[in-house]
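Undergrad: Just the structure for this:
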Amino acid sequence: LSGGVTVLMVSHDVEFCARYAHRCALFFDGSISAEGTPRAFFGGNSFYTTSADRMARGLLPHAVTAEDVMAGIGGTVPPEPEGQHTYAPLPPAAEGSADWKPPKLPWWRRALAAVSGAVALVILWMATRKTDLTALVGGGKVGTALARQLSEEGHNVTVIDTNKARVEHIGESYDVMSILGNGSSITTLSEAGVEEADVFIAVTGSDELNLLCCMFAKKAGHCHAIARVRNPSYSHELDFIKKQIGISAIINPEMAAAKEISHLLRFPGASKIDTFAGGRVRLIKFALTEQQGLDGVAIHEIPARLKSDILVCAVERDGGVIIPNGNFVLQNGDQVTFLATQEKAHEFFQRINMPVRPVRNALIVGGGAIAYYLSQELLENHVRVRIVERDPARCNVLAESLPEAQILNEDGSNRDFLLSEGLESTEAFVALTNIDEENVLLTLFAKKHSKGKLVTKINRLEFDDILAGLDLGSIVYPKYMTCDYIVQ
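TA: Next comes the predicted model:
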């Protein structure tokens, strides 16, 4: 019955029928047919119980009777005692179904049955659901962040690294399996189960090792392979590498960070921009101030008041995130995130007095890979670029690679030098050194002396909640972007 099977029970014993009908929560009305046999209701179907269960064959042609069962095991149905095939009518008090219908179960029994059924369904779902098996080579900052995020989402993750301390830390801190070994070794890959893996990710510090690991993983199994490649010399060859090795995706964290910064400098009023549908739709975040004039305005009033077609998706207030409805009232200090096309977002920002004109000049401190990719993007859009780099050798490389940019060989933390180079008049200040603390201090200094767009690069992910309390403009996390891209 619990499995949805229709059960037909036939017996000559009226008490037996009533007792089991009661236990199985079925109906037996206790009434007597014209032929003198009890009449029972099982699951809404009426039938006559008689002295021989072979009568079931006449009622249900496909029924299996006791006679069939006994014949199957070489026996026979014992003869029925005489005098037990008829019954006298039941007493009048028993007439009607009320006396024989099963009583209603207590509420706690019904609640317990419902909870038990829900638990059983959850257990069945957990036992049968398919979880991706992910092999991850490289236990650095990106690898650790990936292991944590993937394990929290229910994936089976195996991390491979040659550093014993890293392997032990990851294995003890997260619900993942960690293996000490070389990710380019077939023996190590087999131990990690690469033959059955759904996804293989290589994020070691060597681009060549990442590509080699992915190539071996593709040969040994049938997984999707993702490699991190950071060297700018490979930037124009990524499509060729993907096609020849068969890698599903190649990600360059520095190039991705540079593109995000470029979007922010072309739309300086936003603090964060995410693009969808090939860039046609944008998810834009900005800080609400008195200048916008939206303090005390309900969200449903925005379309009529500003003639703007946008969708407010989230509001950050007092350290929490709110998914607003149309009656939600905005306040100064809110961090508002909305969805719109590029044209609609431009119109909305114009109507709330937010800057929409792309920057025309940018001062970049730090001449690493992100600065190189960002300068390429900005120069293509006719933006004047100045890069401050303390390493003379790196300055020579940048001067050769970016002839249209102005390369300044100086310590970026020299305040007098920054002021002499026009910090106060620059439209964008971007701190891209390899030291997070220096980037934070440089941005705070630039905020004091400049009204331009501020962008700060942060490598470590552990202090994002603290940095959120500082007004550092737009904060870019290259390693977080890598994790987010791979997880997506």
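
Undergrad: only C-alpha atoms for contact and neighbour calcs from this point on.
TA: Noted.

Undergrad: In the stretch 351-488 of the chain, what residue spans correspond to helices?
TA: 369-380, 392-401, 415-420, 436-449, 464-467, 478-487 (DSSP state H, counting those that start in this stretch).

Undergrad: Any chance you could spot the residue sitting in the middle of this structure?
TA: Nearest to the geometric centre of the chain sits residue 153, at 6.8 Å (Cα atoms, centre = their mean).

Undergrad: before we move on, the earlier item: turn the helices of the stretch 351-488 of the chain into JSON lines, including mean neighbour count, distance to residue 349 and mean pLDDT.
TA: Formatted as JSON lines, those follow (neighbours: other Cα atoms under 10 Å; distance: least, Cα to Cα, whole Å; pLDDT from 0 to 100):
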{"stretch": "helix 369-380", "mean neighbour count": "20", "distance to residue 349": "22", "mean pLDDT": "93"}
{"stretch": "helix 392-401", "mean neighbour count": "14", "distance to residue 349": "36", "mean pLDDT": "93"}
{"stretch": "helix 415-420", "mean neighbour count": "14", "distance to residue 349": "30", "mean pLDDT": "92"}
{"stretch": "helix 436-449", "mean neighbour count": "18", "distance to residue 349": "22", "mean pLDDT": "92"}
{"stretch": "helix 464-467", "mean neighbour count": "11", "distance to residue 349": "26", "mean pLDDT": "76"}
{"stretch": "helix 478-487", "mean neighbour count": "18", "distance to residue 349": "26", "mean pLDDT": "77"}
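
Undergrad: nearest to residue 174, of those?
TA: Minimum separation from residue 174 across the helices of the stretch 351-488 of the chain (Cα to Cα) falls at helix 478-487, 16.1 Å.

Undergrad: How far away from the center of its chain is that closest one?
TA: Relative to its chain's centre, helix 478-487 lies at 13 Å (Cα atoms, centre = their mean, to the nearest Å).

Undergrad: any chance of the helices of the stretch 351-488 of the chain in TSV, plus distance to residue 179?
TA: Shown next, in TSV, are the helices of the stretch 351-488 of the chain (distance: least, Cα to Cα, whole Å):
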stretch	distance to residue 179
helix 369-380	31
helix 392-401	37
helix 415-420	48
helix 436-449	31
helix 464-467	30
helix 478-487	21
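
Undergrad: Point out where the stretch 51-200 of the chain drops to low pLDDT.
TA: For the stretch 51-200 of the chain, the stretches flagged by pLDDT under 70 are 51-131.

Undergrad: Let's see that with 90 instead.
TA: 51-135, 139-156, 171-173, 175, 183-187, 189-198 (pLDDT under 90).

Undergrad: Within the sheet, what are the partner strands of the strand or helix carrying residue 201, with directions?
TA: Following DSSP states H and E, one finds residue 201 within strand 199-202. If you go by DSSP bridges, strand 199-202 pairs up with strand 133-137 (parallel), strand 224-228 (parallel).

Undergrad: which residues touch it?
TA: With Cα atoms under 8 Å, 6 or more residues apart in numbering as the test, strand 199-202 has contacts from 132-138, 194, 210-211, 213-214, 217, 223-228.

Undergrad: same deal with stretch 405-417?
TA: 365-366, 375, 379, 384-392, 395, 398-399, 418, 438, 442.

Undergrad: ok, 10 Å please
TA: 363-367, 375-376, 378-379, 383-399, 418, 421, 423, 431, 433, 438-439, 441-442, 445-446 (Cα atoms under 10 Å, 6 or more residues apart in numbering).

Undergrad: what does stretch 345-355 give?
TA: With contact meaning Cα under 10 Å, 6+ apart, stretch 345-355 is reached by 266-270, 281-284, 286, 288, 291-294, 302-303, 305-310, 338-342, 344, 356-357, 453.

Undergrad: same question, stretch 477-488
TA: Outside stretch 477-488, the residues that reach it (Cα under 10 Å, 6+ apart) are 141-147, 149-150, 153, 201, 203, 226-228, 249-258, 260, 370, 456-461, 464.
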